[in-house]
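Student: Provided below for reference: sequence and predicted model.
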Amino acid sequence: MKLKYKFSPNYHDSISTKGIMFDLLIGLLVVFAASDIYYFIAYGSSYGIRAIGLLISSILAAVLTEIVWCLVLKKDIKKYLNSSFPWITAIILTLTVQVSISYYALIVSTIIAIFFGKLVFGGFGQNIFNPAAVGRAVVASSFTGSVVADFVSGATPTSVFANEGWFAASNSAFNTFISKFGGLTNLFLGLYPGAIGETSVLVILLVGIFLVYRKVIDYRVPVIYIGTIFITTLIIGLMNGQGIWYPIFHIFTGGAMFGAIFMLTDPVTNPTAIPGRIVFAMGAAFFTVLIRINSNLPEGVLYSILLMNILTPAIEKMFDSHQVNSEKNNLKKVLISFVVGLIIVVGMTMFKLNYKEIAINTSALFALVK
Amino acid sequence: MDRWKNFKSGFLDENPVFGLYLGICSTLAITTTLNSALGMGVSVIAVLIASNVIISALRKIIPDEIRIPVYIVIIASLVTIVEMLIHAYSPSLYSALGSFINLIVVNCIIMGRAEAFASKNSIIDSALDGLGMGLGYTLSLVTMSLIRQIIGTGSIGLSNPFTDDVIFNFQIIPTGYEISLFKGNVGAFLTFAILAASLTAYKNSKKEAKKK
């Protein structure tokens, strides 16, 4: 892997921001179309139409928020929208929610994502956090109950496995669990209930390869992210008596693949130095595994992205030197961060506390005291 | 007229919370309901007026070198009195505010006004300044708690702190449409940021109008 730095006169590049965003738009729409066709076939037309309705309402909310912002600040609306791309945020946000979410919840989350995630920081290119991740965090913290009863999305593999504490009792227990969702192949194809765009690893991978080919995203970020998750969970799985399926399940389930291709690669919230990007992706992977296994949240991808967004300036500072001359030094830094992160994550998951047991013990203690 | 101007400045131009960024800790923590916001505001007004008056009366006696310890002794005694009064007469408010009543001692508004105003001005001026600043603080708390309670829980209500009788309670946003984010810490920071930004924008626009 090359750690070379790309020098800065980007103005003469054949790739423009507009071109990048157009390719990204096509990629996102392909992911959406694939999952919408699945909804039409597997669940009936009401689900498919609802997914389209959610997408349109989210895009409209995002665009309207930016138009109001332009009107208040007296900016040229057309010019501003052309260089701000609110629809990208709206589509990514829609793809990460389940089809059963209410229109109200999605619209409010979009508005908060665009306004607090992007506009108050100065608009496109200035935001600290990935705006779509901000919106998803709003959904997770405020609207978990705001779902429409007519649309049953059912238990997802992630939520079921999270309830089990992210470890299967035995290999056969895992087999019976995963066969409910059609096995790991189905997980790869995405034919199971879940977020609208996060389910199909196959489609996301194909779109990801297209985007890498078009130089829209940096291939290092998703490769390092998924690779680190694989290595970390492989070690953790072996230490806890899980089979080879364990790391594969970690990669296929939840938003890992979607986050790797579409959210972590956001050029605005990424570090610019290439070794920085590698550390960024590694850190996100460690946080993902740690949050999944050690916290009581169902999924770790979203918060790992937001946490690494906070750390981006620090990573930038870590590799703030002459990139070509200090290549060896940077490689050392990357390796050290990897080893330290691996030890921390594996160590923390090893000493995973059984919260229920502790709760019982303390109440027994209190009873004794009384 | 100077006194009136001084009194008025605490509301907008020198609003302690959104203009001077003083006493933010308690502002973020206790503005979840209108009740606790009003309770906190009234307690701060009481302590602020009393401490301003006492410090202003003693300003010629207090040696300059040890003025801060003296201020702290005065303010701490006043806060202890207020805390005991609230504990005795309004247990519900006491439990709602918790340790933030004690933390009035270190509320920067009170120390700041003692140092910046009461130690240099006459008793009446200091009392008026305390009232103005205290009302400005209460106004900020009430604004924030109104926004947070309405968006976060969908309803707005007020109850008598001494008897716990409900004075009024309206459901403004139907259930299922409230944004519970605003009840929590994130909502506190978001609301605070919006209000502080709008006050700054208002001040800037006023400054520009003056220039023209």
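Tutor: Great, that's in hand.
Student: let's verify residue B:22: helix, strand, or coil?
Tutor: Under the three-state scheme (DSSP: H, G, I helix; E, B strand; the rest coil), residue B:22 adopts coil.
Student: all the strands of chain A, residue numbers only.
Tutor: Taking DSSP state E, chain A contains no strands at all.
Student: what does it have sitting close to chain B?
Tutor: A:102, A:104, A:108, A:112, A:116, A:120, A:138, A:141, A:142, A:143, A:146 (CB under 8 Å from any CB of the partner chain). C-beta: built from backbone N, CA, C; applies to glycine.
Student: neighbours around the fourth one, how many?
Tutor: Counted with other CB atoms under 10 Å in any protein chain shown, the neighbours of residue A:112 add up to 22.
Student: please name the nearest non-neighbouring residue to it.
Tutor: residue A:138 (5.0 Å; CB to CB, 6 or more residues apart in numbering or on different chains).
Student: and the one you found, how far from residue A:105?
Tutor: The spacing between residue A:138 and residue A:105, counted by CB to CB, to the nearest Å, is 9 Å.
Student: same check on residue B:194?
Tutor: Residue B:194 is 21 Å from residue A:105, where distance means CB to CB.
Student: got it, and residue B:22?
Tutor: 37 Å.
Student: before we move on, what about residue A:87?
Tutor: In terms of CB to CB, residue A:87 sits 19 Å off from residue A:105.
Student: the nearest residue to residue B:181 once chain neighbours are set aside: what's it in contact with?
Tutor: Take residue B:181 and drop its neighbours on the chain: the residue closest to it by CB to CB, 6+ apart is residue A:142, 4.2 Å away. The contact partners of residue A:142, by CB atoms under 8 Å, 6 or more residues apart in numbering or on different chains, come to A:105, A:108, A:109, B:179, B:180, B:181.
Student: next: residue A:307.
Tutor: Counting by CB under 8 Å, 6+ apart, residue A:307 touches A:283, A:284, A:287.
Student: report how many residues lie close to residue B:89.
Tutor: 11.
Student: I'd say it and residue B:162 touch.
Tutor: Yes - assessed by CB atoms under 8 Å, residue B:89 is found in contact with residue B:162 at 5.8 Å.
Student: circling back: quick one: which of residue A:87 and residue A:105 has more around it?
Tutor: Ranked by neighbour count (other CB under 10 Å), residue A:87 and residue A:105 place residue A:105 first, with 23 against 19.
Student: any idea how far the residue of the stretch 1-150 of chain A with the smallest separation from chain B lies from residue A:102?
Tutor: In the stretch 1-150 of chain A, the residue that lies nearest chain B is residue A:142 (4.2 Å; CB to the nearest CB). Distance of residue A:142 to residue A:102, computed by CB to CB: 12 Å.
Student: could you do residue B:71 as well?
Tutor: To residue A:102, residue B:71 is 54 Å away according to CB to CB.
Student: just the closest of the contacts of residue A:307 to chain B, please.
Tutor: Closest to chain B out of the contacts of residue A:307 is residue A:287 (19.1 Å), distances taken as CB to the nearest CB.
Student: spatially nearest residue to residue B:137 (excluding sequence neighbours)?
Tutor: residue B:16 (5.1 Å).
Student: just say helix, strand or coil for that neighbour.
Tutor: Three-state call for residue B:16 (three-state DSSP): coil.
Student: how distant is the helix or strand encompassing residue B:75 from the center of its chain?
Tutor: Assessed by DSSP states H and E, residue B:75 sits inside helix B:67-89. Centre-to-centre, helix B:67-89 and its host chain are 16 Å apart (CA atoms, centre = their mean, to the nearest Å).
Student: what is the mean pLDDT for the following helix or strand past that helix?
Tutor: Proceeding N to C from helix B:67-89, the next assigned helix or strand is helix B:91-97, under DSSP H and E. Mean per-residue pLDDT for helix B:91-97: 88.
Student: low-confidence stretches in chain B?
Tutor: Judged by pLDDT under 70, chain B has its weakly predicted residues at B:1.
Student: point out the residues in it that sit beside chain A.
Tutor: Going by CB under 8 Å from any CB, the residues of chain B near chain A are B:176, B:177, B:179, B:180, B:181, B:184, B:186, B:190, B:193, B:197.
Student: format the residues you listed as CSV; extra columns: secondary structure and neighbour count.
Tutor: Output for those, formatted as CSV (DSSP: H, G, I helix; E, B strand; the rest coil; neighbours: other CB atoms under 10 Å in any protein chain shown):
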residue, secondary structure, neighbour count
B:176, coil, 12
B:177, coil, 14
B:179, coil, 22
B:180, helix, 17
B:181, helix, 23
B:184, coil, 15
B:186, helix, 16
B:190, helix, 20
B:193, helix, 13
B:197, helix, 12
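Student: report the longest helix in the chain, please.
Tutor: Using chain A here. Longest helix in chain A, counting residues (DSSP state H): helix A:45-73.
Student: my question was about chain B, not that one.
Tutor: Assignment by DSSP H gives helix B:123-153 as the longest helix of chain B.
Student: who are the packing partners of it?
Tutor: helix B:2-9, helix B:24-30, helix B:34-57, helix B:108-113, strand B:155-159, helix B:185-211 (3 or more CB pairs under 8 Å, 6 or more residues apart in numbering or on different chains; DSSP states H and E).
Student: perfect, I'm done here.
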